[in-house]
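> Below is the sequence, then the predicted model.
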Amino acid sequence: MRLSLKSYLEIKKMKPKLKYINQVCFLLLAVISINLSNAQQSNSYSILFTGNTSEYNHDNEELLEKWQKASNNSENLALLMLGNIFNAEENIFPEDLFLAEKHPLLFTPGEKEWASGHFSGKEMIKDIEDKLKKEYKGQSYMPDAACPGPKEVVLNEHLVVILIDTHWWVHKHDRR
């Protein structure tokens with residue numbers, strides 16, 4: 001394909017302009033990527049999940065050490081307890097999971113908190129809510145006692161956690 005002299009001259013005039021457009025695009029991409037990486041770092045948030053820890057097991061010591069390190073090294077951290085963490089026989093929470101009470105504690109009751117399906121489940125849930133508020137000095141959140149939720153917890157401007165007591169729906173006895 002042959003170019004006319006006029007087309008050739010027009011392309012030649014455009015080359016310097018394209019050079020600047022490429023440089024501007026490169027700078028724009030660099031600025032965007034730097035801003036995105038800063039946004040990801042400043043908005044990062046960690047949530048540690050656990051459940052079924054009502055009976056302390058020495059095999060969990062390594063996990064607890066990792067939790068403790070994460071707790072000490074992070075300001076943007078929350079603990080999410082997914083039920084069955086309350087030991088009803090001893091009337092205690094596993095204190096090792098509370099991590100110095102500087103991080104929000106999110107709690108959803110499980111079968112053990114509902115007295116393992118016993119008719120006293122509703123009263124036990126209310127007692128657990130009171131006990132949690134007394135024992136955990138940091139921020140703690142759970143669906144209202146003996147209610148399914150949802151409970152909305154805003155951890156930062158980019159992260160919201162919705163807590164729902166799913167065991168409420170399967171408890172056979174009085175739950176209201």
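Sure, I can see it. Note that this is a predicted model, so its numbers are computed, not measured. Residues are numbered from 1 along each chain as shown.
> Contact partners for the most centrally placed residue in the chain?
The chain has residue 47 as the residue nearest its centroid, 3.7 Å off, counting by C-alpha atoms, centre = their mean. Residues in contact with residue 47 (C-beta atoms under 8 Å, 6 or more residues apart in numbering) are 77-80, 106, 155, 161. In short, each C-beta sits where N, CA and C put it, glycine included.
> let's see 10 Å
With contact set as C-beta atoms under 10 Å, 6 or more residues apart in numbering, residue 47 has these partners: 76-80, 103-104, 106, 155, 159, 161.
> Please apply the same query to residue 143.
Neighbours of residue 143 in contact, by C-beta under 10 Å, 6+ apart: 107-109, 125, 129, 149-151, 162-166, 168.
> tell me the pLDDT at it?
What the model reports as pLDDT for residue 143 is 91.
> Residues in a beta bridge with the residue nearest to the centre of the chain, which ones?
residue 78 (DSSP bridges).
> ok, it to residue 175 distance?
Separation of residue 47 from residue 175 (C-beta to C-beta, to the nearest Å) stands at 27 Å.
> cool, residue 103 as well?
Counting by C-beta to C-beta, the gap from residue 103 to residue 175 is 30 Å.
> Could you do residue 169 as well?
Counting by C-beta to C-beta, the gap from residue 169 to residue 175 is 9 Å.
> of the two, who's got more company?
Just comparing residue 169 and residue 175: by other C-beta atoms under 10 Å the higher neighbour count belongs to residue 175, 17 against 9.
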